[in-house]
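> Sharing a sequence plus its predicted fold:
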Amino acid sequence: MGAVSVVRVYLDTCAVIYLVEGAPEVRAPVLARLRRERPVLVVSDLTRLECRVGPMRTGDHATLALYDRFFRADGVELAPLSSDVFELATEIRARLGLRVPDALHVAAAVRSGCRAFWTNDLRLKAAEPYIPIDLTGP
């Protein structure tokens, strides 16, 4: 019997924000998809930084706690932002003109072995030469 392949999916910041703070009607289909597909969710410290700025700025400790719980959850992995990731991000930014944070997210996804990148940011479709971009994700 063959080994079961676990799909690794990178979530960009907007995807995580929808999962953590989104209205129930926004979260429900995404949560159903996660239950159905059971991917390993991959994020980076950049994702963590971007998600936590708003609640930290406003002193929203409850939302900060929700994010901290999400980032520590089983099935959520932290992709390292290594020198190799920065090298690839430089190439991606030079070739595609993505903003630095977006290029870093894409590079982190590629270097961490993700098979898909979930976002609702149409601009990231440009990264398809590097990784499949799923605009139907969160």
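Thanks, I have the structure now.
> just checking, next helix/strand downstream of the helix or strand bottoming out on mean pLDDT in the chain?
The helix or strand of the chain with the lowest confidence, counting by mean pLDDT, DSSP states H and E, is helix 24-37 at a mean of 87. Scanning forward in sequence from helix 24-37 by DSSP states H and E, the next helix or strand is strand 40-44.
> Name the strands paired with that next one and say parallel or antiparallel.
strand 8-11 (parallel), strand 76-79 (parallel) (DSSP bridges).
> Output the helix or strand following that strand as CSV, nothing but the C-alphas.
Moving toward the C-terminus from strand 40-44, the next helix or strand (DSSP H and E) is helix 45-58. What follows is helix 45-58, C-alpha atoms only, in CSV (Å, rounded to 0.1, in the frame of the first residue of the first chain):
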residue,chain,number,x,y,z
ASP,A,45,6.9,34.9,10.4
LEU,A,46,6.0,37.5,7.8
THR,A,47,2.4,36.3,7.9
ARG,A,48,2.4,36.4,11.6
LEU,A,49,3.8,39.9,11.7
GLU,A,50,1.3,41.2,9.1
CYS,A,51,-1.7,39.6,10.9
ARG,A,52,-0.8,40.9,14.3
VAL,A,53,-0.1,44.5,13.5
GLY,A,54,-3.7,45.7,13.4
PRO,A,55,-4.8,44.1,16.7
MET,A,56,-1.6,45.2,18.4
ARG,A,57,-2.0,48.8,17.2
THR,A,58,-5.6,48.9,18.5
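> surely residue 96 meets residue 127?
Yes - counting by C-beta atoms under 8 Å, residue 96 does reach residue 127; the two are 6.4 Å apart. C-beta here means a position set from N, CA and C on the backbone, and glycine is covered the same way.
> packing partners for the least confident helix or strand of the chain?
helix 13-21 (3 or more C-beta pairs under 8 Å, 6 or more residues apart in numbering; DSSP states H and E).
> Helix 45-58 and the helix it packs on, what's the angle between them?
Orientation check (axes from the mean of the first three to the mean of the last three C-alpha atoms, to 10 degrees): helix 13-21 against helix 45-58 gives 50 degrees.
> Tell me the helices and strands packed up against helix 13-21.
helix 24-37, helix 45-58, helix 61-72.
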